[in-house]
Structure formats: structure tokens, C-alpha cells
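# A predicted structure for the sequence below; I have some questions about it.
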Amino acid sequence: MKFEPRTITLKDGRSCILRPTHPDDAAEMITYLKMISEETRFVLRNPDEVTYTLEQEREILGNLLEDQGSVMMLAVVDGQVAGNCSINGMGNKRRILHRCSMAIALKKEFWNLGIGTAMITYLTELAKQIGFEQMELDVVADNERGRKLYEKCGFVETGRRMRAMKYDDGTYADEIVMIKLL
């Protein structure tokens, strides 16, 4: 979905632009996805699972830009991608058209600057414009920082999936299901 860019001021005084992704962002997005996958165990993929070709990523970003029921947002600081977030409908059946899923990630160097809160706030506005009535997310149970952010932004815990993620070292992590009514 296309939407208006928004500039926010970070806690350290720098500016951050929240804007839609574009096919021209493909190369930087691939690099970014590999980096965040290395920085934290709280995302779904391992760095070696970021296998999109440049053309595949361009196509994905182009399709998202034209999809009126999905949003993919970038946070750009000093010309570099600091984070991204998205909302996507849960499906095309009438009984679930009111729901969307949310995902968010930030490079570690940009944590604690207010970007996550600003992205979720803007995503909430866009979700309402689309017509969604609730946003849902899954957060790794050990991700205390993420859980606090989501609670601050109005999400409430509604359940838990035990052993939802299995890491390469054989350990598991539970996921907590959270929902925000819009």
C-alpha cells in the first residue's frame, strides 16, 4: 500500500523517515534482513535463509506497494534502513477480514530511540484506514523488550504457543500471542 512518508525526531535528535518500501530498496533490504537475522534470535529466519535474489525481492516489494490490504514500512535514518515493519491481512474469508498480522524488526544500533513505537503507531493508523479491526502478533517469550514495547502500544497477551521455534542448537522458544483491538 502506498502511504505518505512521515518524519519523526528520535530520542537522540536525529530524524527518521517512515516510508513505504519500493522495488529500488531491494538490495538494501536483502542486506538488512541478513543483518537483523544475525543480531537476534527473536526473528523467524536464520541469516542463511535470506535467499531472495535481487529480482525476487524487487517483485515482492513492488507487489506490496500495490497491495491495498498490506503495508510494508521502512524506517530510514541517515540514509540507511534502520528497521521495517508490516501488516498483512489474515486471509480472504469474510470471517477473518477484520484481522491483520503485524511484524517489526530494528537493527540493534537503533534500539531505544523511539522508532518501534513510532512505526507501530503509524501502522495502527494505516490498519484502521484499510478497515482492519484488530492487529495480531507473535513474540518470542524471552523477548522482554519486545513484549514491553507491544504492551506500551496497546497489545495484550492472549495465549502462548509452546516450543514454537526450534533453534539450530536444538533449544526451543515459546511464542506469546498478542492482540490489539483497533
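Yep, it's here. Numbering: from 1, shown residues only.
# wait, doesn't Met73 sit right on Met102?
No. Look at Met73 against Met102 with C-beta atoms under 8 Å: they stay out of range, at 10.6 Å. Quick note: C-beta positions are derived from backbone N, CA and C, even for glycine.
# mutual contacts of those two, please.
Shared contacts of Met73 and Met102 (C-beta atoms under 8 Å, 6 or more residues apart in numbering): Cys85, Ser86, Leu123.
# which one (most neighbours) among those residues?
Counting neighbours by other C-beta atoms under 10 Å, Leu123 comes out on top of the shared contacts of Met73 and Met102 with 24 neighbours.
# could I get the average pLDDT for the strand or helix carrying that one?
Assigned by DSSP states H and E, Leu123 belongs to helix 115-130. Across helix 115-130, the average pLDDT comes to 98.
# and for that helix, what's in contact with it?
With C-beta under 8 Å, 6+ apart, helix 115-130 has contacts from 1, 3, 6, 8, 10, 16, 18, 68-69, 71, 73, 75, 77, 82-83, 85-87, 100, 102, 104, 106, 135, 149-150, 152-154, 180, 182.
# same question for stretch 163-176.
41, 44, 46, 138-142, 147, 157, 159-162.
# give the buried residues for that stretch.
Ala164, Met165, Ala173, Glu175, Ile176 (16 or more other C-beta atoms under 10 Å).
# any idea which of the residues you listed is closest to Thr53?
Proximity of these to Thr53 (C-beta to C-beta) peaks at Met165, which lies at 26.2 Å.
# which strand residues bridge that closest one?
With DSSP bridges applied, Met165 shows beta-bridge pairing to Ala173.
# so what's it scoring on pLDDT?
96.
# start the count at 178 instead of 1 going forward.
Sure, I'll start counting at 178 from here, so that last one is Met342.
# returning to that earlier point: what are the buried residues along the helix holding Leu300?
Ile292, Gly293, Ala295, Met296, Ile297, Tyr299, Leu300, Thr301, Leu303, Ala304, Ile307.
# same question, stretch 252-261
Ala252, Val253, Val254, Val258, Ala259, Gly260, Asn261.
# of those, which belong to strands?
Ala252, Val253, Val254, Val258, Ala259, Gly260, Asn261 (DSSP state E).
# before we move on, back to that, will you turn the buried residues of helix 292-307 into JSON lines that also has distance to Ile213?
Putting these into JSON lines (distance: C-beta to C-beta, whole Å) gives the following:
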{"residue": "Ile292", "distance to Ile213": "13"}
{"residue": "Gly293", "distance to Ile213": "13"}
{"residue": "Ala295", "distance to Ile213": "18"}
{"residue": "Met296", "distance to Ile213": "14"}
{"residue": "Ile297", "distance to Ile213": "17"}
{"residue": "Tyr299", "distance to Ile213": "20"}
{"residue": "Leu300", "distance to Ile213": "18"}
{"residue": "Thr301", "distance to Ile213": "22"}
{"residue": "Leu303", "distance to Ile213": "22"}
{"residue": "Ala304", "distance to Ile213": "23"}
{"residue": "Ile307", "distance to Ile213": "26"}
